[in-house]
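Asks: return a 3D structure for these sequence lines:
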Amino acid sequence: MSDPAPTCSVCGLSCEDRPFAKDAKGRVICRECLDAKKAQRAGPEGGGSDLMSGLLAKSKMAKATPCPNCKSYMPEGTVVCAACGFNTQTGKASTTRVSVVKKESSFKWPFGRKK
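Replies: Predicted coordinates for the structure are as follows:
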């Protein structure tokens, strides 16, 4: 009794007249399916995985541009730089002035005691 023809575990076609390989678990895979899996792992540009390519495509920082004023990276679609306040639409940087006001204490010591 002869052994049955090897069958590809991916596409289910007979590998009797086609080149095939076996993995560590003994599963048969035809050359076409093996090449397709290798190409899928390589990703669209020939490097990286589909997962990483997908994450980079969704990332706003992957498409970030440097601020014209301070060169900090601004996520895609940002109008005002968070680092320096430069507005890319008006071409001007906003400023903030901080003033320290000394507050008079309303606390009074009991029995006229002073500090």
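
Asks: okay, domains of this structure per the record?
Replies: Listed by automatic domain parsing, the domain ranges of the chain are 1-58, 60-99.

Asks: strands along this protein, start to end?
Replies: Secondary structure of the chain (DSSP state E): strands located at 20-22, 28-30, 65-66, 73-74.

Asks: quick one: residues in contact with the last one.
Replies: Just to be clear, that refers to strand 73-74. 61, 64-67, 81-82, 88 (C-beta atoms under 8 Å, 6 or more residues apart in numbering). Every residue, glycine included, has its C-beta placed from N, CA and C.

Asks: change it to 7 Å
Replies: Applying C-beta atoms under 7 Å, 6 or more residues apart in numbering, the contact partners of strand 73-74 are 61, 64-67, 81.

Asks: give me the number of residues near residue 39?
Replies: Using other C-beta atoms under 10 Å, residue 39 has 11 neighbouring residues.

Asks: check what pLDDT it gets.
Replies: With respect to pLDDT, residue 39 has a value of 79.

Asks: which helix or strand in this protein has the lowest average pLDDT?
Replies: Lowest on mean pLDDT, DSSP states H and E among the helices and strands of the chain sits helix 50-58, with a mean of 74.

Asks: for that helix, the distance to its chain's centre please.
Replies: Distance of helix 50-58 from its chain centroid, counting by C-alpha atoms, centre = their mean, to the nearest Å, is 6 Å.

Asks: buried set for it?
Replies: Residues of helix 50-58 include none that count as buried (16 or more other C-beta atoms under 10 Å).
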